[in-house]
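Q: Below are the sequence and a predicted model; questions follow.
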Amino acid sequence: MGVDTHKAEVVPVVLEKHPNADKLSIVRVYNFTVVVNTEDWQGVEKAVYIQPDSVLPDKPEYRFLKETGNLRKERDALNDFVRAGVKPDDYDQQLAAIEAKIDANTKYLRITVRKLRGVMSMGMLLPAPEGSNIGDDVAEQLGITHYEPPAMDEIEGSRKHAGSDVAPPPPLIYAPKYDLESVYSFAEAFEPGEMVYISEKIDGQNSRYVFTPGVKPGYEVLVLNGEKVETRVITPEESLGGQIHAGSRTEWKTKEGGSNWWRALDQNPWIEKWIQSNPEQVLYGEIFGWVQSLKYGAKQGQLFFRAFDVLRGMEYIDAEEFISVMPEDHRAPSLGIMPFNFEELQKLADGPSLVPGAANMREGIVIKPLRERQHWKLGRVSLKMVSNAYLEKSAR
């Protein structure tokens, strides 16, 4: 349901004692905790913080991430023969095969959450580039990107060549990409005790829909009725030259492309009814089900959709209005309205999904003020908190 900008920010390093390990320390970055090897970071004043779900480039300096415990054991076992004086005849071939497995193990370049000696380590630290300063974003310089999980249609090979289903954007409609930053980075955007609206963060594909009428509802037109010319008011369903637009987070899609965004529209007819009744308002939501690893009880090919925001003109509607205009079974499940409390929200991020029929964990939560507002550093105040249990599971 949106991604944050995933900066690779240069941050100060202050070591705190790990409660359960003498050789490990904890570094706090905003509200993230990172477990590090104490010896590596003693006397170091700054580092690059790599958020969970960031992907490091496949370069030699990051090869250590691809060396899993099993592969190290396999290599050590082979070298034990050498140390024992019984080097296998095909030693070079066996070693080359192990090294090839390590080289191909690129999935471990994705940074995740791990529990290290009882403390959650959320991301990792890298040495800061020479000349960088605290607060610098060096993601582009280091080649660090954000992880985008493949959808089921890509895994099953049904998706057309990338770019072949791209449609032009809807005319005169402001519909920006939907991004959410992490509350771990911007908890100060909320006042302690401020009343906030909490909804479930769903594991799927970000989507947006809008209807642009050729002749808007409410317009009066002249029509011929037999020999009479009459005036009639256009209804949303009768809008002349109206067009439905369906899009992903970054692209608008052609209907002929057969993408999930149009398949979801067919499988959830209420979307079309809603956008036609609310022309030129952009409906943001999540396509889920037979999409990502969390299936929410979907059968093969089944797609669900839940809305999580509405953009009217240049402004998102308030959470209070969103709750009132969007039926409960059409929006992301609500976990309630409550005072902002970071520790309590951490507990709330974990747990089972509230989507009816789902038998999986929730991906996390989204936190919004009841009334739309801006923060000087963040911009629009709407933040996500991804479940640590989900991040641990997705790393396996």
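A: Cool, got the structure.
Q: any weak-confidence spans in the stretch 251-396 of the chain?
A: In the predicted model of the stretch 251-396 of the chain, residues 394-396 satisfy pLDDT under 70.
Q: Please enumerate the strands of it.
A: 252-253, 281-289, 303-312, 315-316, 334-339, 364-369, 374-375, 379-380, 383-386 (DSSP state E, counting those that start in this stretch).
Q: could you pull out the helices for the stretch 1-150 of the chain?
A: Ranges of helices in the stretch 1-150 of the chain, per DSSP state H, counting those that start in this stretch, are 38-41, 69-83, 91-104, 139-142.
Q: of all the ones you listed, which has the lowest average per-residue confidence?
A: When those are compared by mean pLDDT, helix 69-83 comes last with a mean of 85.
Q: could I get the helices of the stretch 1-150 of the chain as CSV with distance to residue 339?
A: Placement of C-beta: from N, CA and C, glycine included. CSV is the format used below for these (distance: least, Cβ to Cβ, whole Å):
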stretch, distance to residue 339
helix 38-41, 36
helix 69-83, 43
helix 91-104, 49
helix 139-142, 34
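Q: Reformat the ones you listed as TSV; add mean neighbour count and distance to residue 203.
A: Shown next, in TSV, are the helices of the stretch 1-150 of the chain (neighbours: other Cβ atoms under 10 Å; distance: least, Cβ to Cβ, whole Å):
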stretch	mean neighbour count	distance to residue 203
helix 38-41	14	34
helix 69-83	12	28
helix 91-104	13	26
helix 139-142	15	24
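Q: returning to that earlier point: any idea which of the strands of the stretch 251-396 of the chain gets closest to residue 121?
A: Proximity of these to residue 121 was assessed by Cβ to Cβ; the nearest stretch is strand 383-386, lying at 14.5 Å.
Q: Disregarding residues adjacent in the polypeptide, which is nearest to residue 311?
A: Of all residues not flanking residue 311 in the chain, residue 282 sits nearest, at 4.1 Å (Cβ to Cβ, 6 or more residues apart in numbering).
Q: And for residue 32?
A: Residue 32's closest residue in space is residue 122 (Cβ to Cβ, 6+ apart), at 4.4 Å.
Q: Surely the one you found touches residue 34?
A: Yes: using Cβ atoms under 8 Å, residue 122 is in contact with residue 34, at 6.4 Å.
Q: closest one to residue 299 among the helices of the stretch 1-150 of the chain?
A: helix 91-104 (33.3 Å).
Q: Who are the packing partners of that closest one?
A: helix 69-83 (3 or more Cβ pairs under 8 Å, 6 or more residues apart in numbering; DSSP states H and E).
Q: Now the helix it packs on - C-alpha only, CSV.
A: Below are the C-alpha coordinates for helix 69-83, written out as CSV (Å, rounded to 0.1, in the frame of the first residue of the first chain):
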residue,chain,number,x,y,z
GLY,A,69,25.4,-20.2,6.9
ASN,A,70,24.7,-23.4,4.9
LEU,A,71,27.0,-22.4,2.1
ARG,A,72,29.7,-21.5,4.5
LYS,A,73,29.4,-24.9,6.1
GLU,A,74,29.5,-26.5,2.7
ARG,A,75,32.7,-24.7,1.9
ASP,A,76,34.3,-25.3,5.3
ALA,A,77,33.5,-29.0,5.0
LEU,A,78,35.2,-29.2,1.7
ASN,A,79,38.3,-27.4,3.1
ASP,A,80,38.4,-29.8,6.0
PHE,A,81,39.4,-32.5,3.6
VAL,A,82,42.3,-30.3,2.4
ARG,A,83,43.4,-29.6,6.0
